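>>> Got a predicted model here, sequence first, then my questions.
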Amino acid sequence: MLTCVLLLVGCASTPPDRTELMPVPAVLEGGRFDPFADVPPQARRLQTEILFATDRDPADAGDLEHHYASRRGYLVRLGRARILHGDGALDWDSATRLSLQPQRKPPYRLRVGAVEEIGILASTASPFTDPALLPADPDAPAAAFAAAVDRKLARAQQPDIVVYVHGFKVPFENPLLVATELWHFMGYDGVFIPYSWPATPRLLAYFSDVETTALSAHYLKELIQFLRRRTAAERIHILGYSAGTRLVLDALSMLALSTAPAVGGARIGEVILVGSDVDTGLFAAALTNGVLDTSERLTVYLSGIDGALRFANLVFGRERLGQLLDHDMPAHVAATLGAADELVLIDVTDAEDADARSGHSYFRESPWVSSDILATLATGLGPAERGLVRDQPDLPIWSYPPDFIARLQRALGKAASASDRRDGSLQSAEGSARVP
């Protein structure tokens, strides 16, 4: 039992309202690629404001430690939060220089400061919603939030939104911090929006949290549709982690099965699932529902050394999606998955530091995996273009070769020099062109 508990701890890797900045992605080491080099002088200031969405209930009056509780709120609330870099002591030059150092002295810390709620997304109200919660102008919060998103997009070279969906056992503040550090290494291009669903920062809340994901998926779906309709984004990317991948898959399945007319506006671009705590049978059902038709590409990261997913597998007695490679894949399954051009499976088992923190938080802890994810979001390059390989041609699983980072750097260099490709967010130090 003690072993199981220790494995489960891997789902929560940060303190409540602060964290140390994730390790620098390996592709950024050495100075060849600098995410900040092409930021115009007038925009060279730390982004201390991050927009967020949550279906948590507001914290009780008098609770000075929390902004939102772990209770279900049964509505999506939109807002903004202030993020303090180095407890507010870092400026643009010192922050960008320090963040790119492999060994940071002093440590680079992030902390959540003031939190402001803009209001309720009215489309998420249900027949059970207390009308007193809704403002006199129900559309006002949505309009204000969309305007705030568009102001940030207007400054972006790549006008995309990334929605980050966190995992089990974390408080409201955790996804705000993780989204900020990912956005930081994207050079603050585009807009990152953390979606904070009501996970509970207690080990024994695992089963209730898993049940909560089914309801939160509905609210996530409504948020995605709102961002597509009401903002100037070109694409909406979604990055789901651990139990949060349940929300993502369920939300996309709802969209796939919807009989409503197709929504206009932004497309759903990259959907990335990391450490996915989803029953493989449910994943198969999502594929049957047409989930691959809802986005440009679905990438699933797999690991044979993910201790938290091993625990989940033990508890439920069913294989987790994030460990799909733990067992021999039947030939008919391999053929079906391999035939899906929009589906990419990536094995991170041999990636640098993929075993950190019980092997579950590799998307932050492994400089190879974080490099790969950020490059995917920034460029849209496929796995072969980024330098991944297929070791077993009969299996639809990509992996990292020993020289992966050198391959990725060459790929980004070629992309940066291609004048006919769209702008992106990683820049080659060898030229002024942005990586598309």
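Looks like it arrived, so ask away.

>>> correct me, but residue 78 touches residue 119?
Yes. If you go by Cβ atoms under 8 Å, residue 78 and residue 119 touch, sitting 6.2 Å apart. Quick note: C-beta positions are derived from backbone N, CA and C, even for glycine.

>>> who's more crowded, those two?
Counted by other Cβ atoms under 10 Å, residue 78 and residue 119 do not tie: residue 78 has more neighbours, with 23 against 20.

>>> What is the three-state secondary structure of that one?
Assigned with DSSP: H, G, I helix; E, B strand; the rest coil, residue 78 falls in the strand class.

>>> and the spatially closest residue to it that is not a sequence neighbour, what does it touch?
Counting by Cβ to Cβ, 6 or more residues apart in numbering, residue 78 lies nearest to residue 145, which is 4.2 Å off, once chain neighbours are set aside. Residue 145 makes contacts with 51, 78, 118-119, 121, as judged by Cβ atoms under 8 Å, 6 or more residues apart in numbering.

>>> Mind putting the residues you listed into CSV with pLDDT and distance to residue 106?
Formatted as CSV, the contacts of residue 145 follow (pLDDT from 0 to 100; distance: Cβ to Cβ, whole Å):
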residue, pLDDT, distance to residue 106
51, 98, 29
78, 98, 34
118, 97, 34
119, 97, 38
121, 98, 40
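
>>> of these, closest to residue 409?
When the contacts of residue 145 are ranked by distance to residue 409 (Cβ to Cβ), residue 51 comes first, at 31.9 Å.

>>> and that closest one, bridged to which residues?
Using DSSP bridges, the bridge partners assigned to residue 51 are residue 80.

>>> burial measure for it, as a count.
Residue 51 has 20 neighbouring residues, counting by other Cβ under 10 Å.

>>> That one against residue 79, yeah?
Yes. With contact defined as Cβ under 8 Å, residue 51 reaches residue 79; the gap is 7.3 Å.

>>> those strands in the stretch 251-400 of the chain, which residues are they?
267-274, 297-302, 343-347, 397-399 (DSSP state E, counting those that start in this stretch).

>>> before we move on, what about the stretch 101-250 of the chain?
Along the stretch 101-250 of the chain, the segments classed as strands by DSSP E, counting those that start in this stretch run 109-120, 160-165, 191-196, 235-241.

>>> Direction included, what does the last one pair up with?
Strand 235-241 pairs in its sheet with strand 160-165 (parallel), strand 267-274 (parallel), by DSSP bridges.

>>> Now do the buried residues in it.
Judged by neighbour count (16 or more other Cβ atoms under 10 Å), strand 235-241 contains these buried residues: 235-241.

>>> Can you add pLDDT and give the residues you listed back as a markdown table?
A markdown table is the format used below for those (pLDDT from 0 to 100):
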| residue | pLDDT |
| --- | --- |
| 235 | 97 |
| 236 | 98 |
| 237 | 98 |
| 238 | 98 |
| 239 | 98 |
| 240 | 98 |
| 241 | 96 |
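
>>> So which of those residues is the closest to residue 185?
Nearest to residue 185 among the buried residues of strand 235-241, with distances taken as Cβ to Cβ, is residue 239, at 13.0 Å.

>>> Roughly how far does the closest one sit from residue 205?
23 Å (Cβ to Cβ, to the nearest Å).

>>> try residue 215
From residue 215 to residue 205 the distance is 15 Å (Cβ to Cβ).

>>> and what of residue 148?
Applying Cβ to Cβ, the value for residue 148 to residue 205 is 32 Å.

>>> Also residue 151?
Going from residue 151 to residue 205 by Cβ to Cβ gives 37 Å.

>>> higher neighbour count, the two?
Remark: of residue 151 and residue 205, residue 205 carries more neighbours, 16 against 11, as counted by other Cβ under 10 Å.

>>> my read: the more buried one touches residue 171, true?
No. Here residue 205 does not reach residue 171: they are 11.6 Å apart, not a contact under Cβ under 8 Å.

>>> Give the residues shared as contacts by these two.
Common neighbours of residue 205 and residue 171, using Cβ under 8 Å, 6+ apart, are 70, 199.

>>> and which of the buried residues of strand 235-241 is nearest residue 95?
Nearest to residue 95 among these, counting by Cβ to Cβ, is residue 239 at 22.7 Å.

>>> Specify the beta-bridge partners of the closest one.
Residue 239 has the following beta-bridge partners by DSSP bridges: residue 164, residue 272.

>>> I figured it was touching residue 165, is that so?
Yes. Look at residue 239 against residue 165 with Cβ under 8 Å: they come within range, at 7.0 Å.

>>> which stretches of the stretch 51-200 of the chain form helices?
Counting by DSSP state H, counting those that start in this stretch, the stretch 51-200 of the chain has helices at residues 92-99, 140-154, 173-184.

>>> what ranges of the stretch 301-436 of the chain fall below the confidence cut-off?
Residue ranges of the stretch 301-436 of the chain with pLDDT under 70: 314, 317-318, 326-328, 418-436.

>>> How many neighbouring residues does residue 116 have?
10.

>>> From residue 286, how far out is it?
As judged by Cβ to Cβ, residue 116 and residue 286 stand 36 Å apart.

>>> for residue 272, same thing?
Distance from residue 272 to residue 286, counting by Cβ to Cβ: 15 Å.

>>> Show me which of those two is the more surrounded one.
Taking neighbours as other Cβ under 10 Å, residue 272 and residue 286 compare with residue 272 leading, 27 against 21.
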